[in-house]
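Asks: For reference, the sequence and a predicted model appear below.
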Amino acid sequence: MATNTAVPKRATTSAFDEFLGRYPEYAETDLLDQLRATEYRRLDEQGQVYLDYTGGSLYAESQVAQHLALLQAGVFGNPHSTNPTSTATTDHVERTRKFVLEYFGASATEYIVVFTANASGALKLVGESFPFTPASRLLLTFDNHNSVNGIREFARAKGAQINYCPLRSPDLRIDVGRLDNLLGEADSGGENLFAYPAQSNFSGVKHPLDLVGRAQAKGWRVLLDAAAFLPTNRLNLSEIYPDFVTVSFYKMFGYPTGVGALLIRKSDFGELKRPWFAGGTVNFASVQAQAHVLAHSEAALEDGTLNYLSIPAVEIGLRHIQSIGIERIAKRVRCLTEWMLEQLLVLRHSNGHHMVRIYGPTTTEARGGTITLNLYDPNGHLLDYRRVEELAGKRGISLRSGCFCNPGAGEIAEGLTESDMRAAFVLGDDANLMSFTRLMQDRGHKSAGALRVSLGLVSNFADVERFLEFVTEFRDQTSLAIGAVTFDIESCRIFRDGS
Ligand SMILES: Cc1ncc(COP(=O)(O)O)c(C=O)c1O
């Protein structure tokens with residue numbers, strides 16, 4: 001395989017010196033450089049520039065080695081029993097459950113941890129079990145992930161009213177005044193749910209965590225989607241008490257995939273109404289009596305057999321993050337993000353026109369390391385983000401393009417109206433991101449979709465400079481000059497020519 005280890009031209013000593021001069025605190029994060037050279041050496045050995053940490057983080061070699069050693073040394077059976085191999089598994093699963101609580105500073109008297117397949121699985125559990133009634137409200141923010149937006153289908157089926165709180169443009173932050181009004185409109189004695197992301201996976205905006213208490217004070221239950229927040233931030237559940245918190249562990253430390261969690265406040269647990277039962281969720285069930293009694297613990301929400309061999313790797317991953325320190329990761333990501341934002345904003349074509357448009361905040365004030373953007377030609381025409389992603393790939397740079405399962409943030413960021421969106425649904429089953437993009441071009445050259453660059457755990461200055469160097473190459477380039485994309489995106493699946 002061809003490697004791409006060349007030192008970026010931009011990453012000269014003087015550029016790095018300038019960066020360090022601006023961000024002296026970056027030097028305090030050098031432990032991460034050491035880890036990059038050891039635990040994550042595969043990145044530089046292969047010349048990979050990984051810029052999709054919001055998609056998923058990367059695992060350290062030692063995480064995998066420790067997990068392998070555990071599996072090789074133990075005999076682990078299905079945990080739904082009391083035999084020795086089953087008990088060995090149960091011990092690991094319960095120990096991990098306890099550790100997850102500890103990691104989040106959550107008291108075992110306050111919260112329970114339900115293991116799920118991913119954050120989406122956790123969100124679906126809340127959606128299907130929440131006791132919505134026709135008097136209920138579901139309040140969402142425009143920049144919720146689709147796995148949160150999907151809860152509206154459960155709410156709608158039970159007759160609840162659904163509202164979206166808008167984001168302010170261009171910084172894509174929650175319009176808190178409007179939010180307060182919407183929170184105040186609900187019947188405070190009803191079963192109302194407010195769901196929002198602690199950090200947007202579209203814009204990187206960190207929404208205020210005190211919205212949790214603010215909504216609760218008005219009689220709402222709050223679902224905090226922490227999936228995109230946790231990889232670079234501490235969530236302390238002894239300071240705020242969301243009713244539900246949703247997590248995907250691979251986004252925090254790369255391995256294992258296939259395990260997520262739903263943290264539920266004990267006071268809410270008894271209010272949830274599961275729409276079915278399954279193996280593992282019942283204390284008692286009968287075929288002849290056609291009745292069942294759900295378990296009185298987290299087991300009531302864990303359908304079937306847990307991913308019991310992967311769950312112990314969650315503790316290994318959490319300890320890995322603890323050994324580095326989440327504040328250290330946050331500091332590094334903040335320095336690199338700020339530098340990248342500044343450098344992108346000054347890029348101009350020879351005619352003085354901007355090359356890059358960034359969606360969301362252009363400073364690191366209350367924002368994380370996720371930057372969503374589009375590139376434009378000298379005449380202000382959008383360059384196809386799929387082609388840009390493709391060309392980046394040829395340089396060993398992994399970016400994400402599309403709408404990132406976050407349609408609402410894109411609608412606001414790109415100025416798409418309700419009528420634009422309704423026009424898409426006239427396409428019926430043919431509606432997808434690509435047919436929609438073509439439609440928007442016909443409706444006044446609006447853009448739909450973008451590129452996303454996200455920094456994380458072992459990002460470094462050279463990664464940022466390699467990306468900036470790549471973007472600089474689009475100076476004075478047109479769509480014709482950069483060529484046409486050779487793959488298509490339908491939903492989140494990629495189709496290449498000939499595949
Ligand atoms: C904010 C947010 N919520 C939920 C999810 C869903 O996570 P998963 O795909 O792991 O279920 C994602 C994934 O990107 C996300 O970024």
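Replies: Here it is on my side, so go on.
Asks: Return the residues of this protein in contact with the ligand.
Replies: Residues of the chain lying close to the ligand (Cβ under 6 Å from any ligand atom) are 118-120, 145, 147, 197, 201, 225, 227-228, 248. Every residue, glycine included, has its C-beta placed from N, CA and C.
Asks: Please identify which pair of those residues lies farthest apart.
Replies: Farthest-apart pair in these is Asn118 and Pro197; separation 15.1 Å (Cβ to Cβ).
Asks: I'd like the residues of the chain next to the ligand written out as TSV, with pLDDT, secondary structure and neighbour count added.
Replies: Output for the residues of the chain next to the ligand, formatted as TSV (pLDDT from 0 to 100; DSSP: H, G, I helix; E, B strand; the rest coil; neighbours: other Cβ atoms under 10 Å):
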residue	pLDDT	secondary structure	neighbour count
Asn118	98	coil	21
Ala119	98	helix	26
Ser120	98	helix	19
His145	97	coil	25
Ser147	98	helix	20
Pro197	98	strand	28
Asn201	98	coil	26
Asp225	98	strand	28
Ala227	98	coil	28
Ala228	98	coil	28
Ser248	98	strand	26
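Asks: which residues of the chain score low on pLDDT?
Replies: 1-12, 445, 488-499 (pLDDT under 70).
Asks: please redo it, this time with the cut-off set to 80
Replies: 1-13, 188, 433-434, 441, 443-447, 487-499 (pLDDT under 80).
Asks: contacting residues around the most centrally placed residue in it?
Replies: Among the residues of the chain, the one closest to the centroid is Ala228, at 3.3 Å (Cα atoms, centre = their mean). With contacts defined as Cβ atoms under 8 Å, 6 or more residues apart in numbering, the neighbours of Ala228 are 54, 145, 197-201, 251, 368, 370.
Asks: what about Thr133, distance to the ligand?
Replies: Distance, Thr133 to the ligand, by Cβ to the nearest ligand atom, to the nearest Å: 26 Å.
Asks: Next, the contact list for that residue, please.
Replies: Residues in contact with Thr133 (Cβ under 8 Å, 6+ apart) are 158-160, 190-191.
Asks: Same question for Gln161.
Replies: So Gln161 contacts 136-138 (Cβ under 8 Å, 6+ apart).
Asks: Which of these sits closest to the ligand?
Replies: Proximity of these to the ligand (Cβ to the nearest ligand atom) peaks at Leu138, which lies at 16.3 Å.
Asks: Listing partners with orientation, what would you give for the helix or strand encompassing that closest one?
Replies: Element membership for Leu138 (DSSP states H and E) is strand 137-141. Sheet pairing of strand 137-141 (DSSP bridges) gives strand 161-165 (parallel), strand 193-197 (parallel).
Asks: most packed of those strands?
Replies: The highest mean neighbour count among the strands paired with strand 137-141, using mean count of other Cβ atoms under 10 Å, belongs to strand 193-197: a mean of 27.
Asks: Could you export that strand as PDB, CA atoms only?
Replies: C-alpha atoms of strand 193-197 as PDB (Å, rounded to 0.1, in the frame of the first residue of the first chain):
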ATOM      1  CA  LEU A 193     -39.900  15.200  27.000                       C
ATOM      2  CA  PHE A 194     -37.200  17.600  25.900                       C
ATOM      3  CA  ALA A 195     -34.300  16.000  24.000                       C
ATOM      4  CA  TYR A 196     -31.200  17.900  22.900                       C
ATOM      5  CA  PRO A 197     -27.500  17.200  22.100                       C
END
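Asks: Please export the C-alpha coordinates of the following helix or strand past it as CSV.
Replies: For strand 193-197, the following helix or strand on the C-terminal side (DSSP H and E) is helix 211-217. The C-alpha trace of helix 211-217 is given here as CSV (Å, rounded to 0.1, in the frame of the first residue of the first chain):
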residue,chain,number,x,y,z
LEU,A,211,-30.8,23.7,30.1
VAL,A,212,-31.3,20.3,31.8
GLY,A,213,-32.3,21.8,35.2
ARG,A,214,-34.1,24.7,33.5
ALA,A,215,-36.4,22.3,31.6
GLN,A,216,-36.8,20.1,34.7
ALA,A,217,-37.9,23.0,36.8
